[in-house]
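Participant: 3D model of this:
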Amino acid sequence: MEHPCDNRPVDLVAALAVARSPQPPGPDTPAGAAVRAWPGTPVPVPKAGPAELDLHALLRLSLAASDTSGRLRPAPSAGALHPVDTELTVGTGCSLPPGRYGYDPLRHRVHHLDRHPPDTPPGVTAALTVTAQRTASHYGHRAWPLLLLDTGHAAAALFLAARALAAGEPRVRMDGLTERPLATVHVPPPRGRGPGRAAPDDGRAAEQAQHPHTSAELLARRSAAPPLRGAPSPDALRAVLTAAARAGTGDLHWSVAVGPPRPGLVEPAPGGTSLRQYATGDARPTLAAWAAGQAWIAHAGAVLLAHGCPADADTPHIRRAHLRAGFAVHLAHITALRLGLTARPVGSWQQADLGAALGAAPGRDWIVHALALGTRPADEENPT
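Facilitator: Modelled structure (predicted):
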């Protein structure tokens, strides 16, 4: 199998199998540059004129670093390593002249790369790729699932930023068919309905965020530090679960692990107006062991789970499931924050065959991603 840092095509089936194994990563290796070395001179993104798409604000709300280290950004990333690289193809109706640009999220600058293709639609298309070395430097052979999840989170951050800015309806492609790019997000100008826009790959883009979030909400989102204690209410869990299920359609199943007084796994009841328990017993200690031994998960208020992606899934299926899981958990995360919950994505899972643990055939229903939930932040904890 290729090393995650290689530039050769990745055997993703083999990479996922070893990432799911109990084999621990080796010692850390150099992460390399925090930003792709784009050619040319970096230039600031100009302010938007009337009826133009404000690329300065779009990128600030979705991808730009807010500290000098580059670790703090609106989209979460495993280990705060931020492997996702963004190339922009800009059409008419934007605050940048048409062309192809590489984005530097640390300096919030762009590098002009080339002319835009003649069939470029109005607005901007962000093509998302990854520099695997950044994540592999710490996670080793566990890197590839995390790289895909991070890309899904970045796509969701762009999607939410476009909605907050009242731009045209964003179109997200996460079909899993290509490695470069792994995903694209097209954002039309505020009044742009020009020809050539790609259709959403699942037909559900308009449902993925029913109520646009404000710019302040998007800039304030952060992953809470553990522990995350306090059980969310059933209504809050249903809202978070609904947000995830609407965004992560297709290859994934969604459920929530809850603790006492009725510990078990819950899912939406038919009609979606309530939750039903489909497995009994407290799954959180097992989840803590599967999630790279993160013991605090055993005491989380609840854990949202994305599961599916069987052991015999092919490469497009693996990409699609993980990209959509990252996208959906991101939307669920900000829904949780809006409800006053604390939340933290959990992306690294080993031997997490949920289906087999529940008595079904092994290898069919693996945990892909999760979101730990609570009602109290860590600094309010007073363990006894």
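Participant: can you pull the buried residues of the lengthiest helix in the chain?
Facilitator: In the chain, with assignment by DSSP state H, the single longest helix is helix 315-338. The neighbour-count check on helix 315-338 (16 or more other CB atoms under 10 Å) flags 315, 317-338 as buried. In this view, the C-beta of every residue, glycine as well, is placed from N, C-alpha and C.
Participant: do the same with stretch 168-179
Facilitator: Result for stretch 168-179 [16+ other CB under 10 Å]: buried residues G168, E169, P170, R171, V172, R173, M174, D175, G176.
Participant: Keep only those of these that are in strands.
Facilitator: In this view, the buried residues of stretch 168-179 that belong to strands under DSSP state E are R171, V172, R173.
Participant: of those residues, closest to A224?
Facilitator: Of all these, V172 has the smallest distance to A224: 26.0 Å, by CB to CB.
Participant: contacting residues for the nearest residue to C309 once chain neighbours are set aside?
Facilitator: Sequence neighbours aside, A321 is the residue nearest to C309 in space, at 4.2 Å (criterion: CB to CB, 6 or more residues apart in numbering). Residues counted as contacts of A321 (CB atoms under 8 Å, 6 or more residues apart in numbering) are G176, D251, L252, G308, C309, A313, V368.
Participant: hmm, try it at 7 Å
Facilitator: Residues in contact with A321 (CB atoms under 7 Å, 6 or more residues apart in numbering) are D251, L252, G308, C309, V368.
Participant: do the same with V90
Facilitator: L96, P98, G99, Y101, H116, V124.
Participant: now with 8 Å?
Facilitator: By CB under 8 Å, 6+ apart, the contact list for V90 reads L55, L96, P97, P98, G99, R100, Y101, H116, T120, V124.
Participant: before we move on, the earlier item: look up how far R36 lies from the residue nearest to C309.
Facilitator: As defined by CB to CB, to the nearest Å, A321 lies at a distance of 26 Å from R36.
Participant: One more: V13?
Facilitator: Using CB to CB, we find V13 at a distance of 27 Å from R36.
Participant: One more: L96?
Facilitator: Here L96 is placed at a distance of 18 Å from R36 (CB to CB).
Participant: can you check P310 too?
Facilitator: 34 Å.
Participant: Contacts for stretch 253-260 next, please.
Facilitator: 231, 237, 240-241, 244-245, 248, 264-268, 275, 278, 282-284, 287, 301-308, 328, 365, 373.
Participant: tally of neighbours for L113?
Facilitator: Look at L113: counted by other CB atoms under 10 Å, it has 16 neighbours.
Participant: would you say it is within a helix?
Facilitator: No: if the criterion is DSSP: H, G, I helix; E, B strand; the rest coil, then L113 is strand and not within a helix.
Participant: Now the phi/psi pair for the residue nearest to it when sequence neighbours are not counted, please.
Facilitator: Excluding the flanking residues, the one nearest L113 by CB to CB, 6+ apart is R100, at 4.4 Å. The phi and psi torsions at R100 (degrees, to the nearest 10) take the values phi -110, psi 130.
Participant: Pull the contacting residues for R100.
Facilitator: Counting by CB under 8 Å, 6+ apart, R100 has contacts E87, L88, T89, V90, H112, L113, D114, R115, H116.
Participant: Just the buried residues out of those residues, in ChimeraX syntax.
Facilitator: Buried residues within the contacts of R100, by 16+ other CB under 10 Å, are selected in ChimeraX with:
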select :87,88,89,90,112,113,116
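Participant: Can you lay out the contacts of R100 as TSV showing pLDDT?
Facilitator: Below are the contacts of R100 laid out as TSV (pLDDT from 0 to 100):
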residue	pLDDT
E87	98
L88	98
T89	98
V90	98
H112	97
L113	96
D114	94
R115	93
H116	90
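Participant: which parts of stretch 295-314 are buried?
Facilitator: Residues of stretch 295-314 classed as buried: 296-310, 313 (neighbour count, 16+ other CB under 10 Å).
Participant: ugh, wrong one, stretch 225-239
Facilitator: Those buried within stretch 225-239 under the rule 16+ other CB under 10 Å are P226, P227, L228, R229, G230, A231, P232, A236, L237, R238, A239.
Participant: could you give the angle of the host helix or strand of the last one to helix 315-338?
Facilitator: The one in question is A239. Per DSSP states H and E: A239 is located in helix 234-247. Per axes from the mean of the first three to the mean of the last three CA atoms, to 10 degrees, the angle that helix 234-247 makes with helix 315-338 is 150 degrees.
Participant: For helix 234-247, name the packing helices and strands.
Facilitator: On a contact count with 3 or more CB pairs under 8 Å, 6 or more residues apart in numbering; DSSP states H and E, helix 234-247 meets strand 252-258, strand 264-268, strand 275-280, strand 302-308, helix 315-338, strand 366-374.
Participant: Mind doing that once more with 7 Å?
Facilitator: Packing partners of helix 234-247 (3 or more CB pairs under 7 Å, 6 or more residues apart in numbering; DSSP states H and E): strand 252-258, strand 264-268, strand 275-280, strand 302-308, helix 315-338.
Participant: Report the strands that pair with the third one, each with its relative direction.
Facilitator: In other words, strand 275-280. Strand pairing for strand 275-280, using DSSP bridges, gives strand 264-268 (antiparallel).
Participant: same thing with the fourth one?
Facilitator: The partner list of strand 302-308 in its sheet, established with DSSP bridges, is strand 252-258 (antiparallel), strand 366-374 (antiparallel).
Participant: That's all I had, so thanks and see you.
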